[in-house]
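[1] What follows is a protein structure lacking sequence information:
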Ligand SMILES: NC(=O)c1ccc[n+]([C@@H]2O[C@H](COP(=O)([O-])OP(=O)(O)OC[C@H]3O[C@@H](n4cnc5c(N)ncnc54)[C@H](OP(=O)(O)O)[C@@H]3O)[C@@H](O)[C@H]2O)c1
């Protein structure tokens with residue numbers, strides 16, 4: 001048994017992960033408001049207050065391993081803090097605190113297409129954060145998942161909120177492709193990485209590649225409603241989202257438009273390297289209990 005601290009351990013992925021890790025390890029969930037979580041943390045998990053943007057608030061002295069999950073969502077425009085403030089500076093602080101406190105292993109949560117020259121601020125901040133992790137003196141693993149679904153996640157709700165039932169408009173007809181990964185499969189892989197202190201970078205996704213239009217149809221079908229998708233020309237979407245960038249409180253901006261032009265699909269699914277075979281990955285339609 002090792003002691004594992006999970007930054008963002010009370011978020012969507014974090015709550016599921018803490019429950020899984022707590023079966024075999026001493027687990028501490030670190031976040032700014034550790035009593036709140038979208039999924040009940042049923043395992044024996046200590047909750048500790050810490051803010052990754054504030055180095056002095058981080059204390060990993062009793063941790064053998066740290067899992068670093070904190071980030072801002074790419075689905076919506078950022079408010080006060082930027083992706084650089086939270087993802088990049090936050091990762092620098094977590095890495096520095098891990099080195100200071102003698103942590104043996106760091107598992108870092110990145111994203112598909114993370115790249116210092118990526119198309120969006122989210123991807124560029126994730127790319128730079130990966131460089132910080134790789135340049136550290138701590139043994140590390142980096143996970144790059146496609147979009148994650150499951151209890152407490154925002155993906156299905158996002159698809160419901162951004163489309164109307166029966167007939168909806170989607171930029172480019174909703175052709176952007178995803179490879180939705182069930183959170184239960186993801187935390188199984190993370191548990192395996194922590195258990196064996198695996199080093200490397202892994203791109204992981206679910207078993208199906210689905211377009212945004214297909215995902216939206218499935219989500220509405222699960223509610224017993226059909227969906228016909230009508231395309232909005234990408235040029236209109238660009239104009240609308242560029243204008244929205246400057247409207248305070250508007251949920252979308254330029255980066256959300258740029259994301260629509262990027263498929264979120266792995267080059268090679270490396271889930272098996274972390275102990276989950278592709279044929280065992282949970283299918284999104286099956287999770288929703290609808291036919292594909
Ligand atoms: N969900 C997906 O589909 C998906 C896909 C690919 C990659 N990822 C990556 O997976 C990771 C986890 O995603 P998620 O969906 O679980 O996110 P989430 O539900 O938004 O959870 C974020 C967690 O971070 C904590 N947090 C936020 N700011 C913090 C700060 N400054 N200091 C300390 N804790 C802070 C939050 O709690 P407080 O607000 O109380 O601090 C919460 O516990 C992220 O790195 C994300 O980029 C997610």
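    Done, it's in. Everything numeric here is computed off the predicted structure, so don't read it as measured data.
[2] Report how many residues lie close to the residue in the chain positioned nearest to the ligand.
    Going by C-beta to the nearest ligand atom, the ligand is nearest to residue 11 of the chain, at 1.9 Å. In short, each C-beta sits where N, CA and C put it, glycine included. Residues within reach of residue 11, counting by other C-beta atoms under 10 Å, total 24.
[3] Also residue 25?
    Around residue 25 there are 20 other residues, counting by other C-beta under 10 Å.
[4] related to what we said a few turns ago, need the nearest residue in space to the residue of the chain closest to the ligand, chain neighbours excluded.
    With C-beta to C-beta, 6 or more residues apart in numbering as the criterion, residue 11 has its nearest non-adjacent residue at 6.3 Å, and that residue is residue 69.
[5] about what we covered before: model confidence score at the residue of the chain closest to the ligand, please.
    On pLDDT, residue 11 comes in at 98.
[6] any idea how far it is from residue 126?
    Computed as C-beta to C-beta, to the nearest Å, the residue 11 to residue 126 distance reads 16 Å.
[7] Equivalent analysis for residue 22, please.
    Counting by C-beta to C-beta - residue 22 and residue 126 are separated by 27 Å.
[8] These two: which is more packed in?
    Using other C-beta under 10 Å as the criterion, residue 22 and residue 126 rank with residue 126 on top: 28 against 18.
[9] Next to the ligand, which bits of the stretch 51-200 of the chain? Give me the list.
    By C-beta under 6 Å from any ligand atom, the residues of the stretch 51-200 of the chain that approach the ligand are 51-53, 69-71, 73, 86, 90, 109, 111, 145, 147-148, 153, 155.
[10] again, 8 Å this time
    51-54, 68-74, 81, 86-87, 90, 109-112, 122, 126, 143-149, 152-155, 181, 183 (C-beta under 8 Å from any ligand atom).
[11] Identify those among these that sit within helices.
    Among these, the ones falling in helices (DSSP state H) are 90, 122, 126, 155, 183.
[12] Was I right to think the third one contacts residue 110?
    Looking back up the chat, that one is residue 126. Yes: judged on C-beta atoms under 8 Å, residue 126 makes contact with residue 110 at a distance of 5.0 Å.
[13] residues of stretch 224-233 that come out buried?
    By neighbour count on 16 or more other C-beta atoms under 10 Å, the buried set for stretch 224-233 is 227, 229, 232.
[14] Out of the residues you listed, list just those in strands.
    Taking DSSP state E as the definition of strands, those contribute 227, 229, 232.
[15] In terms of distance to residue 26, which of those ranks first?
    residue 227 (46.1 Å; C-beta to C-beta).
[16] Compute the distance between the closest one and residue 234, please.
    From residue 227 to residue 234 the distance is 20 Å (C-beta to C-beta).
[17] what's the answer for residue 251, then?
    Separation of residue 251 from residue 234 (C-beta to C-beta): 19 Å.
[18] Relative to residue 179, how far out is residue 20?
    21 Å.
[19] Just the terminal-to-terminal distance for stretch 84-104.
    Terminal residues of stretch 84-104 are spaced 26 Å apart (C-alpha to C-alpha, to the nearest Å).
[20] Tell me how far that stretch lies from the chain's centre.
    Offset of stretch 84-104 from its chain centre (C-alpha atoms, centre = their mean, to the nearest Å): 18 Å.
[21] per-residue confidence averaged over stretch 138-158?
    On average, stretch 138-158 scores 96.
[22] Wait, residue 114 touches residue 121, no?
    No: counting by C-beta under 8 Å, residue 114 does not reach residue 121; the two are 11.8 Å apart.
[23] Report all helices and strands that the helix or strand encompassing residue 131 contacts.
    Element membership of residue 131 [criterion: DSSP states H and E] is helix 121-134. Applying 3 or more C-beta pairs under 8 Å, 6 or more residues apart in numbering; DSSP states H and E, we find helix 121-134 packed against helix 83, helix 90-100, strand 105-109, strand 139-145, helix 254-260.
[24] if we go to 10 Å?
    Secondary-structure packing of helix 121-134 (3 or more C-beta pairs under 10 Å, 6 or more residues apart in numbering; DSSP states H and E): helix 83, helix 90-100, strand 105-109, strand 139-145, strand 200-204, helix 254-260.
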